[in-house]
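> What follows is a protein structure lacking sequence information:
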């Protein structure tokens, strides 16, 4: 029996969109596994947003046009689509957390469990460490931020479209485009001024979903085969270019997010107009299958990445590559089972559960999850699971420590992802002492952590500081580098050092191979100005937080 390698689309189903889903989830998966060639794989979420806005927008618009739209029916479908698999993953994550997480980590997990249940985890994680920061690696439910953004958006979208239909149907496209444009503008500004808020909040992501909704409004007339193929190929190139060239330093979302979103929009629009070669490639059956299980795969893969990285949940004593293969294989197996036995029965109404029962089950399930989270919080992290000594050592895992922040001089001499360049205080950070040798420490967090120790040990020297998270201590920065880093390093190398030579410049950072070629020129330029240079090599980085390793030894 022959096996069809390309899944055919029908008037009510587009296989290429499932294939595009497959591309999106594979990009995210590759990014979370730390694949070197996919440092911008986080853009897969943006592709998901455009697809979701298109599909859900199409359904709402069609039902409104036929006078069949019902909010209750809409939210019933959302519950059937989203909640069953999410409930299973959250329960499983609770079990993993009980087994592997220390009390302090468990308390953070419990808070995120409550936030995910209430669809506000994007707001919760906004006030935690950033998505691109190292502590994010110990947050098993971090990925639920995108689900929260969608659910918050879908509170607004149907009401918005119904209101347009009733009060201004002729201006439908202009009103949706206007809101999308306003959201895009706020997102673009926020990517530079408050990156974390722009990344996590629904109003700065709404334009991505509304872009998909606009595609559902028959904006584009049928175009020739040539231009369809050009558009689709360009769209695919934009998505893969973003996945390859973007990285954690790229100001995101905003203007840069337009690259993958426009890519997804071009593919969807071209396929809506007619068949394309890209559409045929995306309709390749294995890729379509990945797209079909993409929701479960998205839900399951990140907790497995976290728990494997923290405690070797799947395999221990193996190479990093072997561990990644184990995560990949296990995630696909579990996602397939989740799709077949959890998603499909509820979505296809095979269980014949009434709407009232669905809402009651959702409420009961949410109550169970809230109770599980509360059990951890009310017991202060379930410390009875570990010896007293381990609990004491684990207490140093606090993610927000006022003492540490004071030692780093956070918010003035060390700018985090939540700070702006304007918060850098030269009167404090670059205060010179004519009675001592003046040293200047520059770099990222690996440099900032040295300031307190150097100042304490070398009391005969005046240690000044100009540091920012993720900031390489070089005059030239990578394309897309954080604006505060660009401004800070430009000020130090172009303005401050030429006018105020220091006795010694201390350079430290989390180095990678791409930095090495720049350092000789930097060192020579500083030495020509009459300053000595001390270059700090790579600092030891543990696979997990040191208190965690000591507590579990």
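Sure, I can see it. Fair warning: this is a prediction, and the values are worked out from it, not measured in the lab.
> in a strand, that's where residue 463 is, yeah?
Yes - looking at residue 463 with DSSP: H, G, I helix; E, B strand; the rest coil, it is inside a strand.
> Begin at 4, not 1, for the rest of this chat.
Yep, numbering from 4; the last one is residue 466 now.
> thinking it is in contact with residue 440, fair?
No - using C-beta atoms under 8 Å, residue 466 makes no contact with residue 440, being 9.7 Å away. To be clear about C-beta, it is placed using only N, CA and C from the backbone, and glycine gets the same treatment.
> what about the helices in the stretch 154-303 of the chain?
Along the stretch 154-303 of the chain, the stretches classed as helices by DSSP state H, counting those that start in this stretch are 175-196, 198-203, 209-218, 228-248, 261-276, 280-285, 288-295, 297-314.
> When residue 466 and residue 440 are compared, which one has more neighbours?
residue 466 (23 against 14; other C-beta atoms under 10 Å).
> Just give the number of residues close to residue 370.
For residue 370, using other C-beta under 10 Å, the count is 11.
> what do you get for residue 69?
8.
> Residue 67 too?
Residue 67: 18 neighbours (other C-beta under 10 Å).
> Make sure it is actually in contact with residue 168.
Yes - in terms of C-beta under 8 Å, residue 67 counts as a neighbour of residue 168; the distance is 5.1 Å.
> circling back: of the helices of the stretch 154-303 of the chain, flag the one that's most buried.
helix 209-218 (a mean of 26; mean count of other C-beta atoms under 10 Å).
> What's the mean pLDDT across that one?
If you average the pLDDT over helix 209-218, you get 96.
> Same question for stretch 473-488.
78.
> quick one: contacts of that stretch?
135, 195, 198, 249-254, 259, 418, 420, 422-424, 427, 445-448, 450, 471-472, 489, 491-493, 496-497, 510-512, 517-518, 521-522, 525, 528 (C-beta atoms under 8 Å, 6 or more residues apart in numbering).
> again, but for stretch 497-513
429, 433, 435, 440-450, 453, 457, 466-467, 469, 474-476, 478, 518, 522, 525, 529, 532-539, 541-542, 544.
> Helix, strand or coil: sort out the nearest residue to residue 521 once chain neighbours are set aside for me.
Spatial nearest neighbour of residue 521, excluding adjacent residues (C-beta to C-beta, 6 or more residues apart in numbering): residue 477 at 4.8 Å. At residue 477 the chain is in coil, as set by three-state DSSP.
> how close does residue 477 sit to residue 93?
44 Å (C-beta to C-beta, to the nearest Å).
> Settle it for me: which of the two has more neighbours?
residue 93 (25 against 18).
> immediately after whichever strand or helix holds the more buried one, which helix or strand?
If you go by DSSP states H and E, residue 93 is part of helix 74-103. The helix or strand immediately downstream of helix 74-103 is helix 106-120, counting by DSSP H and E.
> Which SSE is immediately downstream of that next one?
Assigned by DSSP H and E, the successor of helix 106-120 is helix 124-129.
> For residue 241, give its distance to residue 274.
Distance of residue 241 to residue 274, given as C-beta to C-beta: 15 Å.
> Then residue 219?
For residue 219 relative to residue 274 (C-beta to C-beta), the value is 13 Å.
> ok, now residue 59?
17 Å.
> and residue 531, how many neighbours does it have?
8.
> Now do stretch 458-476: distance to the chain's middle.
30 Å (C-alpha atoms, centre = their mean, to the nearest Å).
> Compute the first-to-last residue distance for it.
End-to-end distance for stretch 458-476, by C-alpha to C-alpha, to the nearest Å: 20 Å.
> can you check stretch 249-263 too?
Using C-alpha to C-alpha, the two ends of stretch 249-263 sit 10 Å apart.
> For it, buried residues please.
Neighbour-count burial for stretch 249-263, with 16 or more other C-beta atoms under 10 Å as criterion, is recorded at 249-257, 259-263.
> ok, now stretch 462-474?
464, 465, 466, 467, 468, 469, 470, 471, 472, 473, 474.
> Which residues are in contact with the residue nearest to residue 154 when sequence neighbours are not counted?
Excluding its sequence neighbours, the residue lying closest to residue 154 (C-beta to C-beta, 6+ apart) is residue 122, at 4.2 Å. Taking C-beta under 8 Å, 6+ apart, we find residue 122 in contact with 150, 151, 154, 155.
> Closest one to residue 229 out of the residues you listed, please.
Proximity of the contacts of residue 122 to residue 229 (C-beta to C-beta) peaks at residue 150, which lies at 39.0 Å.
> helices and strands around the helix or strand hosting that closest one, which ones?
Assigned by DSSP H and E, residue 150 belongs to helix 148-170. Other helices and strands packing on helix 148-170, by 3 or more C-beta pairs under 8 Å, 6 or more residues apart in numbering; DSSP states H and E, are helix 47-68, helix 74-103, helix 106-120, helix 124-129, helix 175-196, helix 209-218.
> Dump those helices to JSON lines, plus distance to residue 556.
Conversion of the helices and strands packed on helix 148-170 to JSON lines gives the following (distance: least, C-beta to C-beta, whole Å):
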{"stretch": "helix 47-68", "distance to residue 556": "37"}
{"stretch": "helix 74-103", "distance to residue 556": "15"}
{"stretch": "helix 106-120", "distance to residue 556": "16"}
{"stretch": "helix 124-129", "distance to residue 556": "30"}
{"stretch": "helix 175-196", "distance to residue 556": "42"}
{"stretch": "helix 209-218", "distance to residue 556": "45"}
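> Let me know which of these is the nearest to residue 294.
Short answer: helix 47-68, nearest of the helices and strands packed on helix 148-170 by C-beta to C-beta, at 9.3 Å.
> How about the closest one, which residues are buried there?
47-61, 63-64, 66-67.
> and if you look at stretch 514-528?
514, 522, 525, 526.
> closest one to residue 307 among the helices and strands packed on helix 148-170?
helix 74-103 (8.7 Å).
> domain parsing for this protein?
According to automatic domain parsing, the chain comprises the domains 20-387, 405-538.
> could I get the ones you listed as CSV with distance to residue 550?
As requested, these are exported to CSV (distance: least, C-beta to C-beta, whole Å):
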stretch, distance to residue 550
domain 20-387, 8
domain 405-538, 12
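> Indicate which one of these is closest to residue 554.
Comparing those by C-beta to C-beta, domain 20-387 comes nearest, at 5.8 Å.
> how near is residue 290 to residue 176?
32 Å.
> whoops, residue 394 was the one
Residue 394 is 59 Å from residue 176, by C-beta to C-beta.
> And residue 376, how far from residue 101?
Taking C-beta to C-beta, one finds residue 376 at 12 Å from residue 101.
> Kindly report the same for residue 122.
From residue 122 to residue 101 the distance is 24 Å (C-beta to C-beta).
> got it, and residue 492?
Distance from residue 492 to residue 101, by C-beta to C-beta: 45 Å.
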